[in-house]
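> please find the sequence and the predicted model below.
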Amino acid sequence: MSVGRFQNIVENIAEDFGIKLSEASPLSGGDINEVFLLKTETEKFVLKLNNTSRFPGMFDAEKLGLENLIQPRVIDVPKPIHTGTEDQYSYLLLEHKESASKKQDFWELFGERLAKLHRETRDTFGLEKDNYIGSLPQYNENRDSAADFYIEMRLKPQIEMAADKGFKLNIPDRFFENCRDLIPNEPPSLIHGDLWNGNYIVNAQGEPCLIDPAVAYAPREMDLGMMKLFGGFNESLFRVYDETFPLQEGWQERIELWQLYYLLVHLNIFGAGYKSQVTNIIRKYG
C-alpha cells in the first residue's frame with residue numbers, strides 16, 4: 001500500500017467492513033480531504049478522510065446529499081456506503097465509479113438529466129440539516145420562498161463572514177430588495193449545489209455522474225450559475241435543459257446574481273483575488 005501515514009487508518013476501516021485489501025492508493029482530494037482508492041481482488045471503493053475537529057459532520061451531510069441525489073434515479077451518483085470515525089479522522093466510504101470516454105450525446109444527456117433532477121421538489125426550500133460548500137458551512141433552514149432562502153441562507157452568511165475577514169463590500173441599501181424583485185417565484189428544486197466542472201465525472205457508460213455535492217432544495221438557477229462561472233460545459237447542455245424544463249424569461253441576466261454566492265465562497269476561502277468580481281456584481285444589482 002502507498003497511503004503513507006494513513007496506512008493504519010485505511011487498513012482498520014477496510015477491516016471493519018470486511019474489505020480484503022489488495023491495494024490502496026491516493027486519489028486527488030483537494031485541500032479538505034484525503035482520498036484513497038481501495039482495491040480488492042474483485043471490487044473497488046473510494047475512501048475519503050478528514051479531520052473530525054476541523055469539519056464536524058461533513059461526511060454525514062455529504063452522505064445525505066448523495067442519497068437525495070440518488071433517490072429520483074434520474075442521473076448517476078456514487079452510492080455512499082458508510083460514514084464513521086477512526087482515530088481523529090472522519091471517513092466516508094463510497095462506491096467507486098469506473099470511467100470511460102464521453103458518449104456522442106453526453107452533453108444532451110447531461111442537460112436532460114439535470115433538468116429531471118431539478119424537477120424534484122418539496123414544499124419548502126432547505127434541507128434536513130446544514131452541510132458544507134467547500135470547507136465552509138452552508139445553512140439549510142427551511143424558507144418558504146426562493147428569495148428568502150437565497151438571501152438569508154446563502155448570501156447573508158457569506159457576506160457576514162467576509163466582513164469578519166476584513167472585506168468591506170459596501171452593500172447598497174436597496175440591494176436585497178432588488179434581489180427579491182429579480183428572483184423567480186419558482187418551487188424548490190433538488191440541486192447539486194456546487195456544480196463546477198470538477199464535480200462531475202464520466203462513468204463507465206460514457207454518461208455524466210455527479211460527485212462532491214452541496215445539496216439543498218433551492219433555486220434551480222443556482223446550479224446553472226455555478227456551471228457558467230468557470231466554464232467547461234457545452235452549450236448544448238443548456239439548450240436541452242431549457243427544452244426539458246423551460247427556464248423563466250431573463251435567466252441569462254440573473255446568472256451573475258447566483259454566481260455572487262459562489263464568488264463570496266471563493267472570497268472567504270481563497271482571499272482578495274475574488275473581491276473585485278464580488279463588488280462588481282453587488283454594484284450591478286444594487
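Nice, thanks for sending it over.

> show me what contacts the residue lying farthest from the centre of the chain?
Most distant from the centre of the chain: E41, at 32.1 Å, with distances by C-alpha atoms, centre = their mean. Contact analysis of E41 by C-beta atoms under 8 Å, 6 or more residues apart in numbering lists K20, S22. All C-beta atoms are positioned from the backbone trio N, CA, C, and that covers glycine.

> that one falls within a strand, correct?
No - applying DSSP: H, G, I helix; E, B strand; the rest coil, one finds E41 to be coil, outside a strand.

> the helices in the stretch 51-200 of the chain, which residues?
With helices called from DSSP state H, counting those that start in this stretch, the stretch 51-200 of the chain shows them at 58-70, 106-118, 146-149, 156-164, 175-182.

> could these go into a markdown table alongside mean neighbour count, mean pLDDT and distance to I9?
Listed next are the helices of the stretch 51-200 of the chain as a markdown table, based on neighbours: other C-beta atoms under 10 Å; pLDDT from 0 to 100; distance: least, C-beta to C-beta, whole Å:
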| stretch | mean neighbour count | mean pLDDT | distance to I9 |
| --- | --- | --- | --- |
| helix 58-70 | 21 | 97 | 14 |
| helix 106-118 | 22 | 98 | 34 |
| helix 146-149 | 20 | 98 | 38 |
| helix 156-164 | 16 | 98 | 31 |
| helix 175-182 | 15 | 97 | 45 |
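
> just send the ones you listed back as a markdown table, with distance to G231 too.
What follows is the helices of the stretch 51-200 of the chain, written out as a markdown table (distance: least, C-beta to C-beta, whole Å):
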| stretch | distance to G231 |
| --- | --- |
| helix 58-70 | 23 |
| helix 106-118 | 13 |
| helix 146-149 | 25 |
| helix 156-164 | 22 |
| helix 175-182 | 23 |
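
> could you say which helix or strand contains F36?
strand 34-39 (DSSP states H and E).

> hang on, I meant K275
Using DSSP H and E, K275 falls in helix 275-285.

> and that helix, average pLDDT?
Per-residue pLDDT values over helix 275-285 give a mean of 97.

> returning to that earlier point: out of the helices of the stretch 51-200 of the chain, nearest to G134?
helix 58-70 (10.4 Å; C-beta to C-beta).

> what sits against the residue nearest to V215 when sequence neighbours are not counted?
If the residues on either side of it in the chain are set aside, V215 comes closest to G65, at 3.4 Å by C-beta to C-beta, 6 or more residues apart in numbering. Neighbouring residues of G65 by C-beta under 8 Å, 6+ apart: L127, N131, G193, P213, A214, V215.

> check those and tell me the two furthest apart.
Going by C-beta to C-beta, the pair spanning these furthest: L127 and P213, at 10.9 Å.

> neighbour count winner among these two?
L127 (26 against 22; other C-beta atoms under 10 Å).

> where does pLDDT dip in this structure?
1-2, 29-30 (pLDDT under 70).

> which helix runs longest in it?
helix 251-270 (DSSP state H).

> can you tell me which helices and strands it packs against?
Using 3 or more C-beta pairs under 8 Å, 6 or more residues apart in numbering; DSSP states H and E, the elements in contact with helix 251-270 are strand 136-138, helix 156-164, helix 175-182, helix 221-230, helix 275-285.

> need the ones you listed in TSV with distance to V3, can you?
As requested, the helices and strands packed on helix 251-270 are arranged in TSV below (distance: least, C-beta to C-beta, whole Å):
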stretch	distance to V3
strand 136-138	27
helix 156-164	34
helix 175-182	46
helix 221-230	30
helix 275-285	38
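
> nearest to L109, out of those?
helix 221-230 (15.1 Å).

> thanks again, I'm all set now.
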